[in-house]
Each structure stands twice: as C-alpha cells, then as structure tokens.
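> Need coordinates for the following:
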Amino acid sequence: MKKSAIIFVSLFTLTLTLKSPAFAQLGTIKPPADFKIPTADANPSVFVATLVRNGITLLLVASFVIALIWIILNGLRFILAQGDEKTVASAWTQIYWTLIGMVIIMGSFAIIKMVETFFGVSVLSADLKLPHLPQ
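Numbering: from 1, shown residues only. Down below sits the predicted model:
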C-alpha cells in the first residue's frame, strides 16, 4: 500500500511541476536580436554561390578531420596489436586507404583551384560569382 501512495504523490508532484510557468519556458528558443534569415536579395546567384562555397568548404574540412581521426585510431590499433599479424595488417590497410582518400580529397581541392584559375571563377575565395549568359 505504501508503494502506491508514493507513486501517487510522485505523479501529483510531477504534474504540478509540468504546469508551472518556469517549466513552460524550458523549451522556448529565442534567436539573437541581430539574427537575419538568409535571403536571395537582388541577385539570387550570390545566395546559391554562397551555399555552394560553404558546402564545399565544409566537406573539405570535415573530410580532413575525419581522415586525421581515422589515422590516429588505426595507429593506436597498430600499436596495441601486440604482434597479432592480422590486426597489424588490418591497421596498415586502413591507414593506407585513409591516405589514398586524403590524396583524392587534395586532388579535388586542386581541381577546384584549377577551375578558379582557368575560368576566372572564384569558388573558394572571395565572393563566388557564377558565370551567366548576357541577356
């Protein structure tokens, strides 16, 4: 009988807590006063170009960070293998493929820079302006 009384009191207390004004504002998120929703303004290509530039930059940075963490983890696997040939071989293989992935990432960055140079389009630097046909 005591357990049911304790459960009833606990539920009653929880109900009062959920109805309190302080609890009602717990999930309220207020944006900063200087927050602006991105808009296309007069030239929508600037908005799209900014999204493309930020997306490419995010992918490059994230891929380098992930590759670095992966190399560190596999280096630890290699160190902690204690001479087990299968674990050592697996760790070397993972390090090898991670380095190949990093070379591919650097190659994609080089291709982006070559496109900037040859076509005069700034993708990662300054203001990205997409080329358009004259009207």
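
> residue ranges of the helices in the protein, please?
2-18, 21-24, 44-79, 85-119 (DSSP state H).

> can you put those helices in TSV and add distance to residue 33?
No exception for glycine: its C-beta is placed from N, CA and C like everyone else's. Below are those laid out as TSV (distance: least, CB to CB, whole Å):
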stretch	distance to residue 33
helix 2-18	30
helix 21-24	22
helix 44-79	23
helix 85-119	37
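
> burial count for residue 74?
19 (other CB atoms under 10 Å).

> ok, how many other residues are close to the closest residue in space to it that isn't next to it in sequence?
Spatial nearest neighbour of residue 74, excluding adjacent residues (CB to CB, 6 or more residues apart in numbering): residue 94 at 4.3 Å. Number of residues near residue 94 (other CB under 10 Å) recorded here: 17.

> For residue 94, which residues are in contact?
Residues near residue 94 by CB atoms under 8 Å, 6 or more residues apart in numbering: 70, 74, 77.

> Good, wrapping up.
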